[in-house]
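Peer 1: Here is my input; please provide its structure:
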Amino acid sequence: MKIFKLNTVTSFEEKNLCLAIGNFDGFHKGHQEIIRLLKEISDKNKLSSAIMSFDPHPRLFFKQIDDTFNIYTKEDKIKFLDDLNIQIYIDFSFDKILSELSSNEFIKKILVNKLKIKNLVVGSDFKFGKSRSGNIDVLNEYAKIYGYNVYLVDTVKQKNQTEKFSSTIIRNNIKQGRMENVFQSLGRYWHMTGKIIKGQMKAREINFPTANMEPGNHILPKKGVYCVEVIHEDKKYLGIANFGQRPTVDGNKLLLETHIFNFDQEIYGNELTVRFLTFIRSEQKFDNFELLTTQINKDIEAAKKYHKI
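Peer 2: Residues are numbered from 1 along each chain as shown. I've put the predicted structure just below:
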């Protein structure tokens, strides 16, 4: 997949684009329907499939939220799209200049003059331009002038047919540890990926070695213990993980500590992906290590029962 930083590109040479625009945070089933239609149109008309996304998220730029807002990192999002054989990723830095472009200026300067789009795919709730003044009606109005086609993806609703797939709902579910609900919205388990670092080695002292990583630039899950799947060097393992500050050992920073079942390798510095399957219990402080060890053994028993091992 080709990646372009649109703000720094003076001349965009790619032609015959079929473009979808959005933040695609979480890449949930509603987003997946937009990608499905994008690929269908691109393949049928022999066009280049392209995604335009904004960094930072506009709500981050306007400081309406903190920097643990994104469901996934940008690197995760690009990998999802690459796996789906999207050909072009347009990374558009959301800055003061872009924030002040009117909807008609965005269409003329960016979509028409710079990208020369032929086909545009958006969701029904797509908004753009200064003060979010642009919508599907504006896109259709200017399509008559500039000769591009607009394809609309209607709101994709969940099984109950009352709630749409929503990044906001997904964020709330992650914060509350409702990982089964997250799975239903994403069609996959939510995960954290990072490099393994050395911890205090306390867990190893009680025969419970863990692979530790710091959280990335994304939303943080509820503090506590989870059943997890672990991906290391393209191989899947089962395990149990604690996300939090480890109050029993006076921890002062957030860590994800993962105990991998049937695993005995030195992996410091390696990249690990941890998928959150289900929440077991909230993080708590114990009076001593003996009580902590007893609880850990109960947690392992619960996790193995969930994993059916």
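Peer 1: contacts, neighbours, all on C-alpha from now
Peer 2: Will do.
Peer 1: helices and strands around the helix or strand containing residue 90, which ones?
Peer 2: Per DSSP states H and E, residue 90 falls inside strand 88-93. Judged by 3 or more CA pairs under 8 Å, 6 or more residues apart in numbering; DSSP states H and E, strand 88-93 is in contact with strand 2-5, strand 48-55.
Peer 1: Parallel or antiparallel, which strands does that strand pair with?
Peer 2: strand 2-5 (parallel), strand 48-55 (parallel) (DSSP bridges).
Peer 1: I would like the residues contacting it, please.
Peer 2: Residues outside strand 88-93 that contact it (CA atoms under 8 Å, 6 or more residues apart in numbering): 1-7, 48-56, 78.
Peer 1: Mind doing that once more with 6 Å?
Peer 2: 1-6, 50-55 (CA atoms under 6 Å, 6 or more residues apart in numbering).
Peer 1: now swap in stretch 27-47 and tell me
Peer 2: Taking CA under 6 Å, 6+ apart as the rule, stretch 27-47 contacts 16-18, 49, 156, 165, 185-186.
Peer 1: again, only using 8 Å
Peer 2: By CA under 8 Å, 6+ apart, the residues outside stretch 27-47 that reach it are 16-20, 24, 48-49, 77, 86, 121-123, 153, 155-157, 164-167, 185-187.
Peer 1: hmm, back to that, make CSV from the strands paired with strand 88-93 and add distance to residue 68 to it.
Peer 2: What follows is the strands paired with strand 88-93, written out as CSV (distance: least, CA to CA, whole Å):
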stretch, distance to residue 68
strand 2-5, 23
strand 48-55, 14
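Peer 1: show me where pLDDT drops low in this protein?
Peer 2: 64-67, 156-162, 200-206, 247-251 (pLDDT under 70).
Peer 1: just the strands in it please.
Peer 2: Counting by DSSP state E, the chain has strands at residues 2-5, 17-21, 48-55, 88-93, 119-123, 149-153, 191-195, 211-213, 224-232, 235-244, 255-260, 271-282.
Peer 1: For the third one, output the C-alpha coordinates as CSV.
Peer 2: If I follow you right, that is strand 48-55. Extracted in CSV, the C-alpha atoms of strand 48-55 (Å, rounded to 0.1, in the frame of the first residue of the first chain):
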residue,chain,number,x,y,z
SER,A,48,-7.2,2.8,-7.4
SER,A,49,-8.9,2.3,-4.0
ALA,A,50,-7.8,5.0,-1.6
ILE,A,51,-8.6,6.1,2.0
MET,A,52,-8.2,9.6,3.3
SER,A,53,-7.9,9.9,7.1
PHE,A,54,-7.0,12.7,9.5
ASP,A,55,-4.2,12.9,12.0
